[in-house]
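K.L.:
sequence unavailable; structure follows:
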């Protein structure tokens with residue numbers, strides 16, 4: 001049977017007018033109660049829509065139409081229906097990547113390669129002129145003092 005005919009039969013049973021349907025929609029809920037009939041079009045998994053459908057089930061009948069198939073929602077299968085249609089999807093609870101960009105100077109400092117040391121003073125062996133003279137004088141074999149060079 002076509003969904004329109006099934007919905008029409010349920011509306012006659014409750015004595016209410018048939019709601020206008022969007023025939024291009026593939027999935028929707030029809031809530032039928034003595035107060036009236038309404039059509040709910042879901043956009044995605046929504047807790048709020050699940051609560052609205054649950055409250056409508058307390059007041060009357062709810063039909064789930066999907067791809068031309070009409071299924072009345074009952075309390076016996078509500079847990080599976082909730083998990084399949086209304087429960088929010090589980091999010092990935094893994095660690096989030098570090099998306100904070102470092103300052104530009106930090107980028108240049110971390111990427112900077114150490115330069116090749118060409119002279120002794122660049123390696124930390126900086127000596128003054130006075131120290132150089134003293135070492136050359138003391139290193140003379142005639143001075144009698146043994147000095148190790150750096």
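P.N.:
Happy to help now that I have it. These numbers come from a predicted model, not from an experiment.

K.L.:
pop the domain breakdown of this protein in here.
P.N.:
Structural domains assigned to the chain are 3-86, 118-150, following automatic domain parsing.

K.L.:
wait, residue 36 touches residue 17, no?
P.N.:
Yes - assessed by CB atoms under 8 Å, residue 36 is found in contact with residue 17 at 7.4 Å. Every residue, glycine included, has its C-beta placed from N, CA and C.

K.L.:
out of the two, which sits in the busier spot?
P.N.:
residue 36 (13 against 8; other CB atoms under 10 Å).

K.L.:
quick check: that one vs residue 58, distance?
P.N.:
Plainly put, residue 36 is 15 Å away from residue 58 if you go by CB to CB, to the nearest Å.

K.L.:
next one: residue 17
P.N.:
Using CB to CB, we find residue 17 at a distance of 22 Å from residue 58.

K.L.:
strands of this structure, start to end?
P.N.:
Using DSSP state E, the strands found in the chain span residues 27-33, 36-40, 61-66, 69-72.

K.L.:
wait, which of the ones you listed is closest to residue 94?
P.N.:
strand 27-33 (31.3 Å; CB to CB).

K.L.:
quick one: the helices in this structure?
P.N.:
Counting by DSSP state H, residue ranges of the helices within the chain are 3-14, 47-59, 78-81, 104-111, 129-138.
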